[in-house]
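Student: Mind folding the following:
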Amino acid sequence: MTQLMGRPILEVPDGLGARPGRADLLTGVRTALVGLAVVGVPVLGLWVATPYARDGAAGATRLAGALWLLGHGAPVLRGGAEAPLTVTPLLLGVLAVVQLFRAGARVAARRGLRSRWGGPVAVWVGYCGVAVVVVVHCAGGGLFRSRVLPDVVAVGLLAALAVGAGVRSAGTVQARTSRETAAWPVLDRLPVWARPTGCAGVVRRSALAAGAALVAAGGVLVVAAAVSDAAAGGGRGMAVLGRGSVALVGMVLLAAVLLPNAVVWGAAYALGPGFAVGEGTVVAPGGTALGPVPEFPLFALLPESGPGGWRLAAMLLPVLAGVVPALLLGRAAASRTADEEPWHPVATALAAVAAALLTGAGAAALAWLSGGALAGGRMARLGPVPCWTGLAAAGWFAVVAVPGALLVRYRVLRPGRPGPAARTGPAGHARRTAWLLRARVHAAVVRLSGRASSAEAS
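Tutor: Residues are numbered from 1 along each chain as shown. Sure thing, here's the model as predicted:
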């Protein structure tokens, strides 16, 4: 019994060490089963706690499987009318991507670069095998029903992209460093003075920082809406949650799963285009036009219909978020080594525009993933419009990051201030060495004078 309890759960047996194909296949199966367990355990727990559950255990497992498929972006059908449900719970999607990414990286690191495609393919096959079983099981009926071919394709595509990214991340440090310091081939057509040399890594980091700041802005708006609703008495939210303990727990868990979607919608709100909660609706800083919405805790945080007014202040958040990439790009433009010249102002502006475009592409992708259809008819359109959200993000960050990066570059390189090369080059090392030498001589003189005074006193 002690040996069984000490053995890791779902660990690959030692006898499969000489059979890497089976071990990698089981790695994919284990990754899928862990994701299913994360979704299935709360669903089955709520089913057990429900005193008058209409469906049996098969219905609960179908519901868990449908939620797992939705986390991969796979569409499902809801109810007897077979209304489409395509809203992807981003929290479940991030969980699946992280698991697949780590599985691909582990397999690639274990097998080496020469056979890196053999192991990841087996991981992908094992994961998709579990997905096929789940899709077939959920196609039988219940509250949510899967669509066999689209669901299998969606899960397979996501698994291939995530595992491939994990395999690529397992490359050597030298290759990763060369990618960070490289420039894009499209910049080779520019004059030499206008090229931001080695900008690829800096632009990627700046775009990631801008995206993280934009997501943080969306989170701030969600928290502000929750605080405002609570300060107003929380009538809308509490009316939704006051339906018994099991319904309360289920609603809270579902709201937690969809909370990243609400954060992305909040970011789209701060950018200006806003989002929709049904056909013919808009929720934006300039004004809100809403119709009847489903009773759900997150929908209780929506603003009331009417003009924006003071809510236009939310558009200041993207301005503050654009300061982060401006600082990164400006310091990178001026922080050159002794053998390299700082970026020209034109090159600095081009790097800032490239970071803004990457940020816009990421914002459009997140807007597309976070929205979808909740049902047919009026609720067939929820979430931000991807193209408008991406254009707004790129425009905001270009307007803020370009002049901000130029200003930071000027302040670092302004006359009278030693530049980064002077502080880090041979002259800078010589100055630091001279300063340390003077400090040591001063300390020695103080010690000798102290000893002399004590000798005279004696």
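Student: Show me what the helix or strand hosting Val223 is packed up against.
Tutor: With secondary structure defined by DSSP states H and E, Val223 is part of helix 200-231. When contacts are defined as 3 or more Cβ pairs under 8 Å, 6 or more residues apart in numbering; DSSP states H and E, helix 200-231 packs onto helix 173-180, helix 235-241, helix 259-271, helix 316-321, helix 323-334, helix 345-370, helix 386-413. To be clear about C-beta, it is placed using only N, CA and C from the backbone, and glycine gets the same treatment.
Student: Quickly run through the sheet partners of the helix or strand that comes right after the third one, with directions.
Tutor: It stands for helix 259-271. Counting by DSSP H and E, the next helix or strand C-terminal to helix 259-271 is strand 276-277. Its sheet considered, strand 276-277 pairs with strand 382-383 (antiparallel) by DSSP bridges.
Student: rewinding a little: list the buried residues of the helix holding Val223.
Tutor: Buried residues in helix 200-231, counted by 16 or more other Cβ atoms under 10 Å: 200-203, 205-211, 213-215, 217-222, 225-226, 229.
Student: Stretch 280-287 now?
Tutor: 281-285, 287.
Student: likewise stretch 100-110?
Tutor: 100-101, 103-109.
Student: Low-confidence bits of the stretch 1-150 of the chain, can you list those?
Tutor: 1-20, 51-55, 111-118 (pLDDT under 70).
Student: Do you have the strands of it handy? List them.
Tutor: Using DSSP state E, counting those that start in this stretch, the strands of the stretch 1-150 of the chain run over 76-78, 83-85, 144-146.
Student: Can you give the contact residues for the first one?
Tutor: Taking Cβ atoms under 8 Å, 6 or more residues apart in numbering as the criterion, the residues outside strand 76-78 that touch it are 66, 69-70, 83-85, 138, 143-147, 151, 375.
Student: Pull the distance from that strand to the chain's centre.
Tutor: 27 Å (Cα atoms, centre = their mean, to the nearest Å).
Student: which two in the buried residues of stretch 280-287 are spaced the farthest apart?
Tutor: Thr281 and Pro285 (15.0 Å; Cβ to Cβ).
Student: So the closest residue to Val202 other than its chain neighbours versus Pro345, what's the distance?
Tutor: Of all residues not flanking Val202 in the chain, Ala332 sits nearest, at 4.3 Å (Cβ to Cβ, 6 or more residues apart in numbering). According to Cβ to Cβ, to the nearest Å, Ala332 stands 14 Å off from Pro345.
Student: and the helix holding Val223 with helix 323-334, angle?
Tutor: 160 degrees (axes from the mean of the first three to the mean of the last three Cα atoms, to 10 degrees).
Student: what comes into contact with stretch 144-161?
Tutor: 62-63, 65-67, 69, 72-78, 82, 85, 93, 96-97, 100, 124, 127-128, 131-132, 134-136, 138-139.
Student: could you pull out the helices for the stretch 51-200 of the chain?
Tutor: 57-71, 90-111, 118-138, 148-169, 173-180, 200-231 (DSSP state H, counting those that start in this stretch).
Student: Out of these, which is closest to Phe275?
Tutor: helix 200-231 (10.6 Å).
Student: and that closest one, what's its mean pLDDT?
Tutor: Helix 200-231 shows a mean pLDDT of 88.
Student: Find out how far it is from the centre of the chain, if you would.
Tutor: With Cα atoms, centre = their mean, you get 11 Å for helix 200-231.
Student: got it, and stretch 245-262?
Tutor: 20 Å.
Student: what do you get for stretch 122-131?
Tutor: 24 Å.
Student: From the rest of the structure, what touches it?
Tutor: 20-21, 24-33, 36, 69, 72, 100, 103-104, 107, 151-152, 155-156, 159-160, 163.
Student: Buried subset of those as a PyMOL selection?
Tutor: Of these, the buried ones can be selected in PyMOL as follows, counting by 16+ other Cβ under 10 Å:
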select buried, resi 20+24+25+26+27+28+29+30+31+32+33+36+69+72+100+103+104+107+151+152+155+156+159+160+163
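Student: How many residues are close by Arg411?
Tutor: 12 (other Cβ atoms under 10 Å).
Student: how near is it to Phe397?
Tutor: Arg411 is 20 Å from Phe397, by Cβ to Cβ.
Student: Looking at the helices of the stretch 51-200 of the chain, which is nearest to Pro403?
Tutor: Using Cβ to Cβ, the helices of the stretch 51-200 of the chain put helix 200-231 closest to Pro403, at 14.7 Å.
Student: Mind putting the helices and strands packed on helix 200-231 into CSV with mean pLDDT and distance to Trp310?
Tutor: Putting the helices and strands packed on helix 200-231 into CSV (pLDDT from 0 to 100; distance: least, Cβ to Cβ, whole Å) gives the following:
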stretch, mean pLDDT, distance to Trp310
helix 173-180, 46, 43
helix 235-241, 54, 20
helix 259-271, 94, 14
helix 316-321, 90, 12
helix 323-334, 87, 23
helix 345-370, 91, 25
helix 386-413, 91, 20
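Student: Now Val283: closest residue in space, sequence neighbours ignored.
Tutor: Gly274 (5.0 Å).
Student: ok so, going back, give me the buried subset of the contacts of strand 76-78.
Tutor: For the contacts of strand 76-78, buried by 16+ other Cβ under 10 Å: 66, 69-70, 83-85, 138, 144-147, 151, 375.
Student: Tell me the one among those nearest to Pro294.
Tutor: Ala375 (8.7 Å).
Student: The nearest residue to Gly140 once chain neighbours are set aside: how many residues sit nearby?
Tutor: Distances taken as Cβ to Cβ, 6+ apart place Arg62 nearest to Gly140, at 6.9 Å, with adjacent residues excluded. Number of residues near Arg62 (other Cβ under 10 Å) recorded here: 24.
Student: So Arg62 is in contact with Cys138, correct?
Tutor: Yes: proximity of Arg62 to Cys138 meets the contact threshold set by Cβ atoms under 8 Å, at 5.0 Å.
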